[in-house]
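**Student:** below is the sequence, then the predicted model.
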Number of protein chains: 2
Amino acid sequence: MVQTGAIDVSKYYTQLRPEATKDYVMQQTMIRVKDPELSLRFYCDVLGFNLVMHREFPQWEFNVYFVAQIDPAKIPSDPKEQWNLCMNLPGCIELTWNYGSETSDGLVYNTGNSDATGSQDGEKVKGGFGHLGITVPDVYEACERFKAMGCEFTKTPNSGGMKGLAFVKDPDGYLVEILPQGTMITKPIDCDGVATDGGSTYKDNSR
Amino acid sequence: MVQTGAIDVSKYYTQLRPEATKDYVMQQTMIRVKDPELSLRFYCDVLGFNLVMHREFPQWEFNVYFVAQIDPAKIPSDPKEQWNLCMNLPGCIELTWNYGSETSDGLVYNTGNSDATGSQDGEKVKGGFGHLGITVPDVYEACERFKAMGCEFTKTPNSGGMKGLAFVKDPDGYLVEILPQGTMITKPIDCDGVATDGGSTYKDNSR
């Protein structure tokens, strides 16, 4: 079967939002994390998020931490006001910690990308979730900083089939894509010494 | 071992964003979808997103569709301008379609929530991704509309341990949490006829 991938999606660019949905906000993506201290350090210190709200549920043995990229001067100290801010902020990440996971050896959760973690037979799982994506003014400069901070890359900007994009791993192995807000390729050599005409071809990690 | 869940995270509320990260944007969450037409219909018609950019990669046999909650009058028609808009919009969802998946029987991708889909042994996988979350002015009203549109719920607002929140499934079975921007409980009886003092207790779907 030849697949062309051509389907007509033009109406979804122009159709009016249903009136009932006009104030809806895509507010969060929830991921489970093994150790919240490691995750908060990564998302805040490396990627520039701040904690905007957290809630503890000892009766159910889990906590949640909402992080967002926002000027911390705008984050109130009152929990009720934090809720109101957080629930109206698009693009928060909800980090969920189930108590005790931090004492496990190795990785705990399946990341969605042909990953065997969390399976019962140790075989790769065809996962649906792919990655979070952060856009930055300059991917090459951002990746030099990430490399200096010890981040693990699965793709530096010039490696792989799509030049100018990178992937780093968070502490649980979730992929974080780094994409440019403007110019795709800003430097001939990336943080790993790979030239724009180097690297390999496109690798699909979904199958 | 007794877990209290109490860890000191206060510094993450107040610490300054590293200077290098001050323009970073949490722009996307990528999920793989079996049939992009079904997914676009759900995210646009039910949840009020519009398509802001799509790209076709026939050489690699996949397409991507970026959807966001935005006034469609602000979406340019030029692909380069669409890129510039999209890369600066927080909270986009990237729907990735691998050609041919739409011809599969049943569900294709593991959703992250104790789901056996995509495993090789048919057993549940301990998944990391939990859900997307949409905030709305009134969860109860939103859910009445979702029910009328035929959405499948895994939790209506008054069922389960947390009152005022709901979960619906997207066409691939991914969970979408529906949360309030303001008041938690607005009606005594929810769309499924469950009273605020009804329903069951908290159910964890991560283990």
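**Tutor:** Alright, I've got the coordinates.
**Student:** okay, buried residues for stretch A:142-155 please.
**Tutor:** Buried residues in stretch A:142-155, counted by 16 or more other CB atoms under 10 Å in any protein chain shown: A:142-144, A:146-147, A:151, A:153-155. The way it works is simple: take the backbone N, C-alpha and C, and place the C-beta from them, glycine included.
**Student:** for stretch A:159-167, same thing?
**Tutor:** Buried positions in stretch A:159-167, judged by neighbour count with 16+ other CB under 10 Å: A:159-160, A:162-167.
**Student:** farthest pair in the buried residues of stretch A:142-155?
**Tutor:** The most widely separated members of these, counting by CB to CB, are A:144 and A:154 (16.9 Å).
**Student:** domain map for chain A?
**Tutor:** What the record gives for chain A is the domain set A:25-105, A:130-201, from automatic domain parsing.
**Student:** format those domains as a markdown table; extra columns: mean pLDDT and distance to residue B:200.
**Tutor:** Below are the domains of chain A laid out as a markdown table (pLDDT from 0 to 100; distance: least, CB to CB, whole Å):
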| stretch | mean pLDDT | distance to residue B:200 |
| --- | --- | --- |
| domain A:25-105 | 97 | 13 |
| domain A:130-201 | 94 | 30 |
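**Student:** Serialize those domains to CSV and add fields for distance to residue A:111.
**Tutor:** Output for the domains of chain A, formatted as CSV (distance: least, CB to CB, whole Å):
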stretch, distance to residue A:111
domain A:25-105, 9
domain A:130-201, 5
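**Student:** looking at the ones you listed, which is nearest to chain B?
**Tutor:** Nearest of the domains of chain A to chain B, taken as CB to the nearest CB: domain A:25-105 at 2.6 Å.
**Student:** what's the straight distance from one end of that closest one to the other?
**Tutor:** Between the start and the finish of domain A:25-105 there is a gap of 37 Å, counting by CA to CA, to the nearest Å.
**Student:** and the residue nearest the centre of chain A, bridged to which residues?
**Tutor:** Of all residues in chain A, the one closest to the mean position by CA atoms, centre = their mean is residue A:132, 2.4 Å from it. Under the criterion DSSP bridges, residue A:132 forms beta bridges with residue A:176, residue B:29.
**Student:** returning to what we had before: show only the entries of the buried residues of stretch A:142-155 found in strands.
**Tutor:** Secondary-structure check on the buried residues of stretch A:142-155 using DSSP state E: residues within strands are A:153-155.
**Student:** per-residue pLDDT, residue A:202?
**Tutor:** Among the per-residue scores, residue A:202 holds a pLDDT of 69.
**Student:** in stretch A:195-204, what's buried?
**Tutor:** residue A:199.
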